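> Here is a sequence together with a model predicted from it:
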Amino acid sequence: MGLNASDILLLFELFNETALKEIDDLISEAVEKLGRILEIKKTAVLLKERGVYRSLGQWGFKSTVDLKEFAEKPSVGRFVYSFSGKTEGLIFFETGKRITEREKMILKMAARRIEEIVALRQRELELIKNIFDAVPVGMFLIRNGRFWVVNSHFEKISGYDLEELYEKEALEIVFPKDRPLLKYIVERMLKGLSPHPCEFRIVTKEGRIKWVEGQAVHLVHRGNKMVLGSLMDLAHREKYVQKLERIKSRDPLTGLYNRASFESQLDYLGKKGKYPISIIVADFNGLKEINDSMGFQEGDRLLTAFAGLLKKILPSSAFLARVGDDEFAALLPQVDEGTGLEMVSRLRMAVEKYNDHSNSIPMKIAFGLSTAQNKGELLGDSFKKAEEPMTKEKICCGLSFKSKTVDALLTALSEHDCYAEQHSRRMQHLCFFLGDRVGLSPKQKVDLALLAQVHDVGKVGISDRIILKEGPLTTEEWEIMRLHPEKGCRIAMAAPELADIAHLILKHHERWDGKGYPLKLKKEEIPLECRILSIVDAFDAMTSDRPYRKSMSPERALEEIRRCAGSQFDPEMAEIFVKNISEDDLDPYLNDS
């Protein structure tokens, strides 16, 4: 029952070849470009693994040398950079001449970039290890006849850990009498013949002889002869088969049965079940909106929590299944309609109790129930009947759900960003001030006030690591941060009370000169409310303390607004703001900051 050759080869191609090749090519490209610019003769990138430095790449060396020792020898034309992140390693360049301060600065910047690429490569390798460990059989990778990588299942089967197996001759753990068989199989692989599963014995670390089944494929990767294979303890074959059957029949997120298993059980009970049989169906309201605005992690958390309630409230005889992305069903043999209604009532109470004790998105579930009294009633029809009242309930409670979701999101934003609440309050004050000066209509003033409060609601979908970072954001982090207007727009579209300003939330980071985001609108293409908000938002940001910088004075901030008029800001709005703002207008704002 081991993985076959094509399965193993697919695994290798899936999580190894393409990604690492692209990353290694990036390193080579960076080194070669730098070499042409600064006439670098020798370069090496070293990684420290298991306490030993090994070469990730070297350029300009004609023979094998101890690169670590070579790098540490003092030389006028040598520049050495040690990694500063979690990955241990170093990079060195040699030019053959004295390196100027300017060249040192360039080399340091280049080395940092190479370090970033190497770190990315290491994350890919970590992903490989995680996938390797996720495979429910022993997996091994042999390079040039020696173990290079094994997963945790292989360690368990053999008794050896990776540190003990690393660079160990692979045949050493094979029972001596079975080694000729393994050598013969390897020879067949080298000739291109298709390998077959093979049963043989290994000697564990404790000296026990254990029968296993192995399967392998031959590969050539970066000039290294490699063997990728699987190993299964035959004593656990039956358990493995049962585990595979369980995986096939279960929903991986909740652990409940999946749709296929539900339909199979529905058919079985319809023919041989004991009647009456009740069916409870349950459907999440607003799961898509939660996933879009908060991310799938939040939606998955709610689904898992509800699955837990089903297991807790319903009897052990219930067949529980997740039959759709947001739909659950329970088959209840020998449960009449009255008892089924009592169970639905207990489930509703459990959901309410969960929501009362949860500070996050509320769980809103629509329920349906149908009961088949005897074999003459098809269970499939009963399932459809149960869905009808559930669908009506889902529609009826939709608006209420969305309103509560928005309230929860605003609370989440305040918890997510400790500056958000005060920022919104100050923004509202200054938006009222500027709105009055430019003669906004009552409807525009209401929209602007609401926009000031919720314009950043999309940030609830951004990682705390980025929102609360004490320092400037990286390019990658900025790209993620710039998604918040679109996320906020989707949240607003899901809530009737915010739908009218959804387009304003989307456009609140546009610039007068067209260099804003996400739509790159310019001048009057940008709604007036957004042009006002951008000035107020910038003023508030400049005059408020942040972990990575101190605030500037209101006077200096106003000078900056004036300087950026016509580029970042609407020049007319900027002029009105700067000329008309007074100490009285700023008092509530400054006292609150």
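Structure received.
> And the next helix or strand past the longest strand seen in the chain?
Longest strand of the chain, by residue count under DSSP state E: strand 209-221. For strand 209-221, the following helix or strand on the C-terminal side (DSSP states H and E) is strand 224-233.
> Give the other helices and strands that that next one contacts.
If you count contacts as 3 or more CB pairs under 8 Å, 6 or more residues apart in numbering; DSSP states H and E, strand 224-233 packs onto helix 5-12, strand 138-143, helix 152-158, strand 209-221. Quick note: C-beta positions are derived from backbone N, CA and C, even for glycine.
> Adjacent strands (with direction) for the longest strand of the chain?
Using DSSP bridges, strand 209-221 pairs in its sheet with strand 198-203 (antiparallel), strand 224-233 (antiparallel).
> Can you dump the C-alpha atoms of the longest one in PDB for me?
Output for strand 224-233, consisting of C-alpha atoms alone and laid out as PDB, is shown next (Å, rounded to 0.1, in the frame of the first residue of the first chain):
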ATOM      1  CA  ASN A 224      23.300  15.000  -7.900                       C
ATOM      2  CA  LYS A 225      22.000  11.400  -8.300                       C
ATOM      3  CA  MET A 226      19.000  11.200  -6.000                       C
ATOM      4  CA  VAL A 227      16.500   8.600  -4.900                       C
ATOM      5  CA  LEU A 228      13.100   9.700  -3.600                       C
ATOM      6  CA  GLY A 229      11.000   7.100  -2.000                       C
ATOM      7  CA  SER A 230       8.400   6.000   0.500                       C
ATOM      8  CA  LEU A 231       8.600   3.400   3.300                       C
ATOM      9  CA  MET A 232       5.800   1.800   5.200                       C
ATOM     10  CA  ASP A 233       5.900  -0.400   8.300                       C
END
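> centre of the chain versus it, how much separation?
A distance of 30 Å separates the centroid of the chain from that of strand 224-233, by CA atoms, centre = their mean, to the nearest Å.
> What residues of that strand count as buried?
Within strand 224-233, the residues scored as buried using 16 or more other CB atoms under 10 Å are M226, V227, L228, G229, S230, L231, M232, D233.
> hey, least reliable of the helices and strands packed on strand 224-233 by pLDDT?
Confidence, taken as mean pLDDT, is least for helix 5-12 of those (a mean of 49).
> Map the structural domains onto the sequence of this structure.
What automatic domain parsing lists as the domains of the chain is 13-133, 135-239, 250-396, 406-592.
> Please enumerate the strands of this structure.
42-49, 52-59, 78-82, 89-94, 138-143, 146-150, 198-203, 209-221, 224-233, 277-284, 319-322, 327-333, 365-372.
> deepest of the ones you listed, which one?
strand 277-284 (a mean of 25; mean count of other CB atoms under 10 Å).
> Adjacent strands (with direction) for it?
In the sheet, strand 277-284 lines up against strand 327-333 (antiparallel), strand 365-372 (antiparallel) (DSSP bridges).
> Put the alpha carbons of the last one into PDB.
Read that as strand 365-372. What follows is strand 365-372 as a C-alpha-only set of coordinates in PDB (Å, rounded to 0.1, in the frame of the first residue of the first chain):
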ATOM      1  CA  ILE A 365     -27.300  30.000  11.500                       C
ATOM      2  CA  ALA A 366     -30.500  29.200   9.700                       C
ATOM      3  CA  PHE A 367     -32.000  25.800  10.500                       C
ATOM      4  CA  GLY A 368     -34.400  23.400   8.800                       C
ATOM      5  CA  LEU A 369     -36.000  20.100   9.900                       C
ATOM      6  CA  SER A 370     -37.900  17.300   8.100                       C
ATOM      7  CA  THR A 371     -38.900  13.800   9.300                       C
ATOM      8  CA  ALA A 372     -39.600  10.700   7.300                       C
END
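> just to revisit the earlier point, from the chain's centroid, how far away is the longest strand of the chain?
Counting by CA atoms, centre = their mean, strand 209-221 comes out at 33 Å from the chain centroid.
> one step back: could you export the strands paired with strand 277-284 as a markdown table, including distance to G516?
Shown next, in a markdown table, are those (distance: least, CB to CB, whole Å):
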| stretch | distance to G516 |
| --- | --- |
| strand 327-333 | 41 |
| strand 365-372 | 41 |
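> Now N258: closest residue in space that isn't a chain neighbour?
In space, and not counting its chain neighbours, N258 is closest to D251: 4.8 Å by CB to CB, 6 or more residues apart in numbering.
> sorry, that was for L450
Counting by CB to CB, 6+ apart, I501 is the residue found nearest to L450 once chain neighbours are left out, at 5.7 Å.
> Likewise for S75?
Spatially, and ignoring its direct neighbours in sequence, S75 is nearest to E94 (6.8 Å; CB to CB, 6+ apart).
> Pipe the buried residues of strand 224-233 into a markdown table and attach distance to W59 and pLDDT per row.
Below are the buried residues of strand 224-233 laid out as a markdown table (distance: CB to CB, whole Å; pLDDT from 0 to 100):
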| residue | distance to W59 | pLDDT |
| --- | --- | --- |
| M226 | 24 | 81 |
| V227 | 29 | 85 |
| L228 | 29 | 86 |
| G229 | 34 | 88 |
| S230 | 37 | 90 |
| L231 | 38 | 90 |
| M232 | 43 | 87 |
| D233 | 45 | 87 |
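> how about those in a markdown table, adding distance to G458?
Putting the buried residues of strand 224-233 into a markdown table (distance: CB to CB, whole Å) gives the following:
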| residue | distance to G458 |
| --- | --- |
| M226 | 46 |
| V227 | 49 |
| L228 | 44 |
| G229 | 48 |
| S230 | 45 |
| L231 | 48 |
| M232 | 48 |
| D233 | 50 |
